[in-house]
Structure formats: C-alpha cells, structure tokens
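J.: fold the following, please.
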Amino acid sequence: MDEALRRELGAHLRAAREQVTPEDVGLGRGPRRRAPGLRREEVAALAGVSVAWYTWLEQGRVRTTRQVIDALCRTLRMDDDARRHALALAGFLPGAPLAPGEHARPGPGTRALLAGWDGTPALALDERLDVLASNAAHRALWGDPEHLPAERRNLLLHLAAGPPGPRRIADPEPLLRGLYQHFRTATAHVPDDPRAAEIVRLLHRERPDAAHWWDCRTVAEFRPVTVTAGPERLTFTLLRPVGDPGVLLLTQTPAGA
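T.: Numbers count the residues shown, from 1 in each chain. Predicted coordinates:
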C-alpha cells in the first residue's frame with residue numbers, strides 16, 4: 001500500500017466521519033461542539049483503537065489490519081459501496097482495473113454487440129468514463145463523440161456541458177452525480193492518474209457552480225437512472241463485458257412499457 005493510497009484512505013475516512021452526527025451513534029451534542037460530524041477521539045473510542053492511531057490513519061501515515069478497517073466502517077456507518085472502497089484502498093480488495101497510462105479497448109465481440117443494438121443507444125467507456133466507441137443509435141440521438149476534441153471525449157464532460165440539439169436532458173443532475181460517484185470509486189485507486197486529474201480540472205472549468213460535486217469524496221457503484229430526454233424517458237445502465245476488463249457499456253433503454 002503506497003503513500004498516495006494511504007492518503008486517499010485517510011481522506012475517505014475523514015469525509016465519512018464528517019457525515020456522521022453524534023446522535024447517529026448515541027452521543028450527546030454538547031454546546032461547545034463546532035466541528036462537523038464526529039470528533040476523532042469519538043471515532044477511535046467507538047471503533048476500539050487509540051486516538052493517535054486513528055489520527056495517523058486519517059493522515060495517511062500508517063497501514064492497518066482489515067479488522068480495524070471493518071470496525072471503522074461500522075462506526076462511520078458506511079454503506080456497502082463506501083466500505084468496499086475503504087477495503088480496496090487499504091489493499092484488502094482489488095481496485096478497479098485502472099492504471100496510469102493504461103487504455104482499455106473493447107474487443108471485437110463487444111464492438112459487434114454495440115453494433116447489433118440497432119434500437120438501443122449505447123457507448124463503450126473506460127473506468128474514467130472516456131468514450132471508447134459508440135453505436136449508430138447513440139450517434140443518431142446525441143451526435144458522434146468522434147467529432148469532439150480528444151480531451152473532451154468523456155461522458156461526464158459531455159453531460160456537464162449539456163448535450164447539443166433538441167434532446168437535452170431535463171434534469172441531468174441525478175445522472176451526472178451517479179456517474180461522478182462511480183468515476184470517483186474507480187479513479188481514487190490511482191490518485192496520481194493524470195487523465196483523471198485532467199477530467200476533474202475540466203469539470204471545474206465547465207461547471208464552476210458545481211465545484212462542491214467535483215470536490216466531494218462520496219463513492220458509489222452506478223445504479224440505473226431514468227431521465228427525460230426530449231419526448232422520451234430513458235434509463236441509463238452500466239454493464240461490464242466479462243471478456244474486456246476495464247471496459248463499461250452504457251445502455252439507454254426506454255423507461256416503462
């Protein structure tokens with residue numbers, strides 16, 4: 001477990017600690033409390049570790065055992081996604097198939113699958129949500145990603161800017177937030193990934209009003225989201241082709257009957 005991952009784990013614990021109130025864990029809220037969420041000493045006492053050790057964990061200075069990580073996850077009321085993320089950062093579960101300089105590629109079978117979905121708009125993406133391939137149905141609905149500059153050929157940037165034309169998504173925020181949390185889940189395992197950093201920088205530039213999103217450390221696997229796009233309601237779903245590690249398929253299917 002290298003220093004960058006220790007720092008990322010510490011930031012993940014700190015962000016979770018700030019979201020848990022004293023009332024959540026049966027503690028009283030004294031009149032002199034100012035810090036958001038729990039204090040470090042409260043987390044340490046509830047998890048059964050020393051205050052110094054927990055402080056060093058948040059500072060990214062030490063490694064620890066799976067038992068300690070599990071105890072902290074329970075204390076901090078982490079959901080399943082956040083717990084898996086903590087365990088992966090600590091080296092106890094595999095992270096996403098992402099590495100600096102690595103570019104996933106959809107194989108012939110995945111490309112044939114995309115092309116065969118003539119009535120289902122779909123994209124092949126990598127874990128950074130960069131667009132690797134699209135099918136004709138997607139291009140007819142949203143335009144050809146190949147026409148975008150290479151640095152902007154990313155689903156998050158596309159949604160943050162607002163897709164061109166009449167097929168605008170009425171309320172893109174639930175979709176954008178869900179995809180960004182998925183992006184954070186994947187890219188946090190490689191904190192020094194230059195492309196992930198570039199995407200976050202461009203998101204800040206594209207939507208400075210949403211800076212609190214781009215700085216948020218919430219993580220989650222993407223769940224299907226239904227949006228209104230023009231006259232249609234579409235459900236966006238992420239799939240993983242087993243034969244192509246690091247590749248995701250984003251499908252857009254009509255919602256309802």
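J.: what kind of secondary structure is the closest residue to residue 239 other than its chain neighbours in?
T.: With CB to CB, 6 or more residues apart in numbering as the criterion, residue 239 has its nearest non-adjacent residue at 4.4 Å, and that residue is residue 249. Any C-beta I mention is one placed from the backbone N, CA and C, and that applies to glycine too. Under the three-state scheme (DSSP: H, G, I helix; E, B strand; the rest coil), residue 249 adopts strand.
J.: where does the stretch 51-200 of the chain have low pLDDT?
T.: Regions of the stretch 51-200 of the chain meeting the criterion pLDDT under 70 cover residues 95-103, 163-166.
J.: the strands in it, which residues?
T.: 122-126, 131-134 (DSSP state E, counting those that start in this stretch).
J.: contact partners for the residue lying closest to residue 144 once chain neighbours are set aside?
T.: Taking CB to CB, 6+ apart, and ignoring the residues beside it in sequence, residue 144 has residue 134 as its nearest neighbour in space, at 7.0 Å. With contact taken as CB atoms under 8 Å, 6 or more residues apart in numbering, residue 134 is in contact with 114, 122, 123, 124, 144, 145, 146.
J.: same check, this time on residue 177
T.: When the contact criterion is CB under 8 Å, 6+ apart, the partners of residue 177 are residue 213.
J.: distance of the nearest residue to residue 155 once chain neighbours are set aside from residue 145?
T.: Across the structure, with CB to CB, 6+ apart as the measure, the residue nearest residue 155 apart from its sequence neighbours is residue 129 (4.3 Å). Here the distance between residue 129 and residue 145 works out to 12 Å (CB to CB, to the nearest Å).
J.: of the two, who's got more company?
T.: For residue 129 and residue 145, the more surrounded residue by other CB atoms under 10 Å is residue 129, and the numbers stand at 25 against 19.
J.: mind checking how far the more buried one is from residue 238?
T.: With CB to CB as the criterion, residue 129 and residue 238 are 9 Å apart.
J.: same question for residue 27.
T.: Residue 27 is 38 Å from residue 238, where distance means CB to CB.
J.: looking at those two, which is more packed in?
T.: A side-by-side neighbour count of residue 27 and residue 238, using other CB under 10 Å, places residue 238 first with 19 against 16.
J.: list the contacts of the helix or strand hosting the more buried one.
T.: Applying DSSP states H and E as the criterion places residue 238 in strand 232-239. Under the contact criterion CB under 8 Å, 6+ apart, strand 232-239 has outside partners 121, 175, 182, 222, 224-227, 248-256.
J.: that's all I had, so thanks and see you.
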